[in-house]
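Asker: The sequence and its predicted three-dimensional model are supplied below.
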Amino acid sequence: MINNAIEQRAEKLLIDSNNFKVPVVPERCAEYLKVTVNNVELEDSISGFLAIKDSVAQIGYNQHHGKNRQRFTIAHEIGHYVLHAQSDPIFIDKNEAKSFAYLYRDGNSSSGENFKEREANNFAAALLMPRKLLLEEILKKGQDMGIPALVEELAQSFEVSSQAMSIRLSHLNFFNYENASME
């Protein structure tokens with residue numbers, strides 16, 4: 001389920017932006033890419049968006065959402081920018097006097113039904129929870145604490161939700177839901 005090309009691109013961005021440490025600061029990655037990040041007033045069903053105008057990119061994230069969700073949204077939109085925005089924007093608003101390209105994250109994004117949304121989610125997970133840093137933290141914290149406690153500790157360290165951490169560990173085959181053990 002892991003796309004090695006996405007993993008490598010996220011890791012390269014972390015290294016290039018001098019951001020390969022726990023917790024990752026997604027805004028630092030955006031700054032390195034020269035993408036502006038702003039908290040904005042959005043309806044609750046929209047987590048964020050990527051707007052590109054005249055090759056200038058801006059990420060907006062919902063100011064009313066929790067910190068962990070905002071971090072994931074920023075990383076998700078960075079994923080769209082790195083993976084999709086240069087060649088194939090998802091939405092173009094042609095009603096404006098000046099054309100904007102929009103990519104946005106809403107409730108459907110988290111379900112992963114759209115291929116580009118799944119890719120952006122995978123990029124966000126790889127950016128915020130890099131495999132190498134997860135391995136280091138698991139070794140530091142030890143495996144004797146039990147799966148639920150370890151997932152919670154890792155989620156707090158990486159400043160992501162427990163659900164995001166559980167999914168990431170599962171996708172990396174670190175965690176087996178069926179028998180609730182680390183592999």
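Answerer: Here it is on my side, so go on.

Asker: any idea of the pLDDT on residue 122?
Answerer: On pLDDT, residue 122 comes in at 96.

Asker: Could you report the neighbour count for it?
Answerer: Residue 122 has 22 neighbours, counted by other CB atoms under 10 Å. All C-beta atoms are positioned from the backbone trio N, CA, C, and that covers glycine.

Asker: measure it to residue 130 for me?
Answerer: In this view, residue 122 and residue 130 are 12 Å apart by CB to CB, to the nearest Å.

Asker: With residue 80 instead?
Answerer: Counting by CB to CB, the separation of residue 80 from residue 130 is 19 Å.

Asker: do residue 164 as well
Answerer: Counting by CB to CB - residue 164 and residue 130 are separated by 13 Å.

Asker: before we move on, back to that, residue 80 and residue 130 - which one has more neighbours?
Answerer: For residue 80 versus residue 130, the count of surrounding residues by other CB under 10 Å is larger for residue 80: 28 against 23.

Asker: tell me the centre residue of this protein?
Answerer: Most central in the chain under CA atoms, centre = their mean is residue 124, positioned 1.9 Å from the mean C-alpha point.

Asker: If you drop the residues flanking it in sequence, what lies closest to that one?
Answerer: Closest residue to residue 124 apart from its sequence neighbours, by CB to CB, 6 or more residues apart in numbering: residue 75 at 3.6 Å.

Asker: how about low-confidence regions in this structure?
Answerer: In the predicted model of the chain, residues 1, 86-113, 143, 175-183 satisfy pLDDT under 70.

Asker: Which parts of the protein belong to which domain?
Answerer: 1-128, 130-183 (automatic domain parsing).

Asker: Let me know the distance separating residue 28 from residue 21.
Answerer: 10 Å.

Asker: If you count surrounding residues, which of those two has more?
Answerer: Using other CB under 10 Å as the criterion, residue 28 and residue 21 rank with residue 28 on top: 15 against 11.
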